[in-house]
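In: test case, fold it:
(chains A and B)
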Amino acid sequence: MIRYIIRRVLFLIPTLLLVSFLVFAIIQAAPGDPAQLALGEGATAEAVETKRQELGLDQPFLIQYLNWLGNVIFRFDFGNSYRSNISVAYQIQNYFPNTLKLSGMAVLLGVLIGVPIGIAAAVKQYSVFDNIVMSFAMIGMSMPAFVLALVMLLLFSVTLRWLPPSGFSTFRQMILPVVALGMQPMAICARMTRSSMLEVIRQDYIRTIRAKGQTELRVIVGHAFKNAVMPILTTVGLQFGALIGGAFVTETIFLIPGFGRLLVTAVTNRDYPLVLGGVVCVAMTVALTNLLIDIAYAFVDPRIRAEFKGAGGGVFPWQKLKKLVLAMTPEK
Amino acid sequence: MNDQLLKIQNLTVDYRSSNKTVHAVRGLDLNLRPGETLGLVGETGAGKTTTALSILRILPDVAARVLSGEILFDGKDLLTRSKKEMRQIRGRDIAMIFQDPMTSLDPVVTVGAQIEEMIMLHADLPRSGLRKAAEDMLEVVGIKRERFDDYPHQFSGGMKQRVVIAIALSCNPKLLIADEPTTALDVTIQAQVLDLMKQLKKTYRTAMILITHDLGVVADICDAVAIMYAGEIVEYGTLEDIFDGHRHPYTEGLFNSIPSIDVEQKTLEVIEGLTPDPTNLPSGCAFHPRCPYASAHCAEERPGETQLSDTHYVRCFQCAPSKEKELQHGRTVVERL
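Out: Residues are numbered from 1 along each chain as shown, chains lettered A, B, ... in the order given. From the prediction side, this is the model:
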């Protein structure tokens, strides 16, 4: 199990390398000259050229990438923003926690409310409660976060003046953005939990447990939910990843100094170091989340644990590879 | 009679969906004495499992409706018990073994914990005693106690069925309902599980309802036999009554369809026709469209119960002793044999 985790963590390295390289290549291919953008339209060709040299943009593409990579690995230096000349690492430190908090709280809200609702809806399938709740979930799923954000802003901040319209430092400031961003994960969680639970509740082993004389609550929470939790975990993981990237609109509406806004501005400014640093950071978070979810699977399901044991040998199958190569090489 | 452990009277169960009603059990009567083993035999869809689930009251709530009848267990009607009372009866007084061992254990809980759960619900034991009691049950069904912490996926089908049996017997129930306990198993494993059940029956003196469509299993283990067809019991009697003196044309068909070792047969004997559609049962006797002895009367009226001896009942106009036709029928049966 531990070997499996180590292996998965090591696997993050090539993933992140690939992500950073792809992003680097895409930015390079995008039109627009960052030196020109940094100096403004009126700058002379000479000044732009000097700026290009200063930023290292005159170097070949691959050299630029390797320079960047070297700095990141050996000095943990993501470079400085082209625009503001502030260190990228510093900006990530300042902006990322807000987004992490916002997305994390939104997903948490979604899970804490969505999962119990889903369970209740599955237990009372086709009841009035089930129908009402699932209709709401359908609406919640299809409504974009910004619509809800604007409606809530209008209602609770402008009309009723209950909650502050912007900022993200006090608890009262957090309520609106978290609810706006959490509505979709909540709806998705509720629907996923319901369908997953319905499938499990029909299983024979649930009938076996009922035949033991177990209380209905234990049957549902202790046995059925434990078996139904895997697809829910997967959904939660995916939702969290999507929210980190998708919090931009909510952040903009509520004027939250978040990562999404930082990144979007960086892209429009061709601020290569900031975009790169930001994307790698997001990729890392998403990859780590997936890893955590995978480990959580193993905790829940003994069958997956058994698989890990088999695969957890952790040694690269050299023998198999050798055989494969031998099989492919034509004999003399 | 007071010596009955279980007495089912006029039990009627329907399954309803939006546009159809399935008449699963229709006016079923059944008696079982303490320690007795009853074989409940019939084709798929005859209502055997529905009857069993009704006794435990674990029919699916959404679709199933118990329309009438009473299920007297120890003299008290189970159908009028509160949910809480039923929970105490399930497992402690009446336990059930399900058809498919591959799917009847919770895959994410250790087998030991699944046995423990049953004991914990019904016996007053300290935490440490629980584990020991559960380990003992594993040994009773022939599994090493070291396997307590293993998960169901680490067991074979036969071993899983042993675990299921261990769970069912762990609180020493008065009545054990076994729903086709060997159908999903290999023949050799079937024999092992049956031997185990026979042996446990002897040790614990548990009354048992064995649901099966295998007459061989019935002959091996049962004291009494009830033949079910389309939701009702068409013939009921002791093992001898049914195996040596069965009278109902459906029972006769069942026995005829067992191939004989002594006679060379090219094709297997079958009962002509199909099991009736339970949403649209034939009028009169449900078996009349397939019955070789059917008369016009059979299509009009549902036959009542005819008592042939103290222990032997049959639901068939053609078998009624008062009628002249019965004699003819008797003769034809004798000729056929």
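
In: what about the host helix or strand of B:Tyr250, distance to the chain center?
Out: According to DSSP states H and E, B:Tyr250 maps onto helix B:249-256. With CA atoms, centre = their mean, to the nearest Å as the basis, helix B:249-256 stands 18 Å off its chain's centre.

In: can you name the element that comes right after that helix?
Out: Next along from helix B:249-256, by DSSP H and E: helix B:296-300.

In: now that next one: buried residues?
Out: If you call a residue buried by 16 or more other CB atoms under 10 Å in any protein chain shown, then helix B:296-300 has these buried ones: B:Cys298. The C-beta positions use only the backbone N, C-alpha and C, and glycine is treated the same way.

In: then stretch A:56-69?
Out: Counting neighbours by 16+ other CB under 10 Å, stretch A:56-69 gives A:57, A:64-65, A:68 as buried.

In: give the helix, strand or coil label for B:Glu70.
Out: Look at B:Glu70: counting by DSSP: H, G, I helix; E, B strand; the rest coil, its state is strand.

In: now it: how far from B:Lys48?
Out: Applying CB to CB, to the nearest Å, the value for B:Glu70 to B:Lys48 is 19 Å.

In: which residue is nearest the middle of the chain?
Out: Defaulting to chain A. A:Gly241 (1.3 Å; CA atoms, centre = their mean).

In: oops, chain B please
Out: A centroid search over chain B (CA atoms, centre = their mean) returns B:Ile211, at 2.6 Å, as the residue closest to the centre.

In: quick one, what contacts that one?
Out: When contacts are counted by CB atoms under 8 Å, 6 or more residues apart in numbering or on different chains, B:Ile211 is found next to B:40, B:48-49, B:52, B:177-180.

In: where's the residue of chain B positioned farthest from its centre, which helix or strand?
Out: Relative to the centre of chain B, and counting by CA atoms, centre = their mean, the farthest-placed residue is B:Ser128 at 36.1 Å. Using DSSP H and E, B:Ser128 maps to helix B:127-140.

In: what residues sit buried inside that helix?
Out: Across helix B:127-140, burial judged by 16+ other CB under 10 Å covers B:130-131, B:133-135, B:137-138, B:140.

In: next: stretch A:248-256.
Out: Within stretch A:248-256, the residues scored as buried using 16+ other CB under 10 Å are A:248-251, A:253-254, A:256.

In: check stretch A:135-143 too.
Out: A:137, A:140.

In: what residues does chain A put near chain B?
Out: Residues of chain A lying near chain B by CB under 8 Å from any CB of the partner chain: A:125-126, A:203-205, A:207-215, A:223, A:226-227, A:300-303, A:306.

In: and B:Ala178, backbone torsions?
Out: Note on B:Ala178: its backbone torsions stand at phi -110, psi 110 [degrees, to the nearest 10].

In: ok, it touching B:Lys201?
Out: No: under the criterion of CB atoms under 8 Å, B:Ala178 makes no contact with B:Lys201, lying 10.1 Å away.

In: anything in contact with each of those two?
Out: Common contact partners of B:Ala178 and B:Lys201 (CB under 8 Å, 6+ apart): B:Met208.

In: the two - which one has more neighbours?
Out: A direct count of neighbours by other CB atoms under 10 Å in any protein chain shown for B:Ala178 and B:Lys201 places B:Ala178 higher, at 27 against 18.

In: report the contact partners of the spatially closest residue to that one that is not a sequence neighbour.
Out: Spatially, and ignoring its direct neighbours in sequence, B:Ala178 is nearest to B:Ile97 (4.4 Å; CB to CB, 6 or more residues apart in numbering or on different chains). Residues near B:Ile97 by CB under 8 Å, 6+ apart: B:161, B:164-165, B:168, B:176-179, B:181.

In: and the gap between B:Ile97 and B:Leu175?
Out: Separation of B:Ile97 from B:Leu175 (CB to CB): 12 Å.

In: for B:Pro249, same thing?
Out: 31 Å.

In: the two: which is more packed in?
Out: Legend: neighbour count by other CB under 10 Å for B:Pro249 and B:Leu175, higher for B:Pro249 (26 against 22).

In: the nearest residue to that one once chain neighbours are set aside - how many residues pack around it?
Out: By the measure of CB to CB, 6+ apart, the closest residue to B:Pro249 outside its immediate chain neighbours is B:Cys291, 4.8 Å from it. Neighbour count for B:Cys291, taken as other CB under 10 Å: 22.

In: pLDDT score assigned to B:Cys291?
Out: pLDDT recorded at B:Cys291 is 87.

In: pretty sure it contacts B:Cys285?
Out: Yes: with contact defined as CB under 8 Å, B:Cys291 and B:Cys285 form a contacting pair (7.2 Å).

In: are there residues contacting both of the two? Which ones?
Out: B:Cys298.

In: returning to what we had before: can you say which helix or strand has the residue nearest to the centre of chain A in it?
Out: Taking DSSP H and E as the definition, A:Gly241 sits inside helix A:225-246.

In: how about that helix as CSV, C-alpha atoms only?
Out: Written as CSV, here are the backbone C-alpha positions of helix A:225-246 (Å, rounded to 0.1, in the frame of the first residue of the first chain):
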residue,chain,number,x,y,z
PHE,A,225,-23.5,4.0,1.9
LYS,A,226,-20.2,2.3,2.4
ASN,A,227,-20.7,0.4,-0.8
ALA,A,228,-22.1,3.4,-2.7
VAL,A,229,-19.4,5.8,-1.7
MET,A,230,-16.9,5.2,-4.6
PRO,A,231,-18.6,6.9,-7.4
ILE,A,232,-19.4,9.8,-5.0
LEU,A,233,-15.7,10.1,-4.2
THR,A,234,-14.8,10.2,-7.9
THR,A,235,-17.3,13.0,-8.5
VAL,A,236,-16.1,15.0,-5.5
GLY,A,237,-12.5,14.8,-6.8
LEU,A,238,-13.5,15.9,-10.3
GLN,A,239,-15.6,18.7,-8.9
PHE,A,240,-12.8,20.0,-6.8
GLY,A,241,-10.5,20.1,-9.8
ALA,A,242,-13.0,21.8,-12.0
LEU,A,243,-13.8,24.4,-9.3
ILE,A,244,-10.2,25.5,-8.9
GLY,A,245,-10.0,26.3,-12.6
GLY,A,246,-13.6,27.5,-12.7
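
In: who are the packing partners of whichever helix or strand comes after that helix?
Out: Per DSSP H and E, the first helix or strand lying C-terminal to helix A:225-246 is helix A:248-253. When contacts are defined as 3 or more CB pairs under 8 Å, 6 or more residues apart in numbering or on different chains; DSSP states H and E, helix A:248-253 sits against helix A:88-123, helix A:145-152, helix A:171-201, helix A:259-268.

In: now do helix A:248-253, average pLDDT.
Out: Mean per-residue pLDDT for helix A:248-253: 87.

In: check stretch A:65-74 too.
Out: Averaging pLDDT along stretch A:65-74 gives 88.

In: what sits up against it?
Out: A:17, A:20-21, A:24, A:56, A:59, A:77-79, A:273, A:276, A:280.

In: got the angle between the longest helix along chain B and helix B:127-140?
Out: When chain B is parsed with DSSP state H, its longest helix is helix B:187-204. Calculated by axes from the mean of the first three to the mean of the last three CA atoms, to 10 degrees, helix B:187-204 forms an angle of 120 degrees with helix B:127-140.

In: find the nearest non-adjacent residue to B:Gln88, please.
Out: Leaving aside its chain neighbours, B:Gln88 sits nearest to A:Gly213 (6.2 Å; criterion: CB to CB, 6+ apart).
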